[in-house]
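# below: sequence and its predicted model.
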Amino acid sequence: MGKIEGIRTIQRLAKNHPDVLQLQLHPVVLGLLTEVKNLRSSVSRAAILAIGDLFVALKKNVESDLDLITSTLLSKCGETVGFIRDDIEKVMNHLIETITPCKAALSIIAGGASHRNGAVRKVAAQSLLAVVEKMGAARILTSKDVTERLIPTTAQFLMDGMPLTRWYGRRIYQLLMQHPSFDKLLLRYVQPSTLRNINSILDSIRKKRVLARCQKKVYLPGL
């Protein structure tokens with residue numbers, strides 16, 4: 001119980017005295033990430049939830065350790081199932097809500113989008129979709145650093161072996177297609193061989209967007 005009590009002390013400090021915790025934030029984060037990898041699920045889960053509390057209480061102050069946090073949490077998704085994975089998804093939501101969106105997107109892409117484990121890629125795709133929904137196509141595609149990584153990464157999602165990952169990829173592209181420069185950026189950042197593999201999927205997404213617009217135009221309220 002010693003480790004769990006120590007983690008709970010960190011959680012109390014985060015909620016009640018975040019300024020005190022901030023003075024030693026880096027070693028605290030490193031300690032929690034070590035316990036995220038703990039083979040005891042009770043300890044691992046407590047550490048995961050504590051990291052979520054750090055995002056809520058300290059917000060952008062956690063950014064200096066963002067990449068390490070993201071890669072550790074996403075990698076853990078590949079080692080476990082059930083409630084711990086659900087906890088990680090909740091913490092990723094806290095991350096997205098509090099961290100600068102461009103930094104969050106780049107960290108997620110680097111931390112798990114190309115991971116060999118399908119469960120990791122699924123959570124990475126899910127988290128990236130949340131960032132895109134938060135930022136919108138215009139903000140996303142005006143950031144070159146994000147655009148040059150997000151567009152080819154999403155192309156890989158479309159070809160993933162997991163149905164949910166493919167769905168998240170389709171949804172990301174559906175949102176990005178609202179931007180007039182999308183097709184040009186797609187050609188710039190996605191390899192021709194990959195484009196050939198996903199062309200039919202892109203056509204399907206475009207047709208659904210056109211159909212949705214047509215349905216909105218013909219809809220008559222009250223009939």
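Great, that's in hand.
# need the residue closest to the centroid of this structure.
Ser127 (2.4 Å; Cα atoms, centre = their mean).
# that residue touches Met92, doesn't it?
Yes: using Cβ atoms under 8 Å, Ser127 is in contact with Met92, at 4.7 Å. Where C-beta positions appear, they are placed from N, C-alpha and C, glycine not excepted.
# with adjacent residues omitted, what lies nearest to His179?
Residue nearest to His179 in three dimensions, not counting chain neighbours: Ala137, with 4.1 Å by Cβ to Cβ, 6 or more residues apart in numbering.
# one more: Arg8?
Using Cβ to Cβ, 6+ apart, the nearest residue to Arg8 is Ala46, at 7.1 Å.
# so where do the helices sit in this structure?
2-16, 18-22, 25-36, 41-58, 66-77, 83-98, 101-108, 118-135, 137-141, 144-158, 163-176, 182-189, 192-218 (DSSP state H).
# tilt between the fourth one and helix 66-77?
Computed by axes from the mean of the first three to the mean of the last three Cα atoms, to 10 degrees, the angle separating helix 41-58 from helix 66-77 equals 150 degrees.
# picking up where we left off before, turn the helices of the chain into a markdown table, including mean pLDDT.
Output for the helices of the chain, formatted as a markdown table (pLDDT from 0 to 100):
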| stretch | mean pLDDT |
| --- | --- |
| helix 2-16 | 95 |
| helix 18-22 | 93 |
| helix 25-36 | 98 |
| helix 41-58 | 97 |
| helix 66-77 | 97 |
| helix 83-98 | 95 |
| helix 101-108 | 97 |
| helix 118-135 | 97 |
| helix 137-141 | 93 |
| helix 144-158 | 97 |
| helix 163-176 | 97 |
| helix 182-189 | 97 |
| helix 192-218 | 81 |
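# what sits against the residue nearest to Ala138 when sequence neighbours are not counted?
Excluding its sequence neighbours, the residue lying closest to Ala138 (Cβ to Cβ, 6+ apart) is His179, at 6.2 Å. Listed by Cβ atoms under 8 Å, 6 or more residues apart in numbering, the contact partners of His179 are 137-138, 140-141.
# let's see it at 7 Å
137-138, 141 (Cβ atoms under 7 Å, 6 or more residues apart in numbering).
# Val91 too?
48, 51-52, 73.
# how much space between Lys134 and Arg149?
According to Cβ to Cβ, to the nearest Å, Lys134 and Arg149 sit 17 Å apart.
# can you pick out the residue with more neighbours from the two?
Arg149 (18 against 14; other Cβ atoms under 10 Å).
# for the more buried one, which non-adjacent residue is spatially closest?
Ile109 is the one closest to Arg149 (Cβ to Cβ, 6+ apart), at 5.0 Å.
# and that neighbour, how many residues sit next to it?
The burial count for Ile109: 21, using other Cβ under 10 Å.
# phi, psi for Tyr117 please.
Just to correct that, residue 117 is Asn rather than Tyr. phi -90, psi 130 (degrees, to the nearest 10).
# from the contacts of His179, list the buried ones, please.
Among the contacts of His179, those classed as buried by 16 or more other Cβ atoms under 10 Å are 137, 141.
# related to what we said a few turns ago, quick check, pLDDT for the residue nearest to Arg149.
Listed pLDDT for Ile109 reads 98.
# is it true that it touches Thr153?
Yes: shown here, Ile109 and Thr153 form a contact pair, counting by Cβ atoms under 7 Å, at 5.3 Å.
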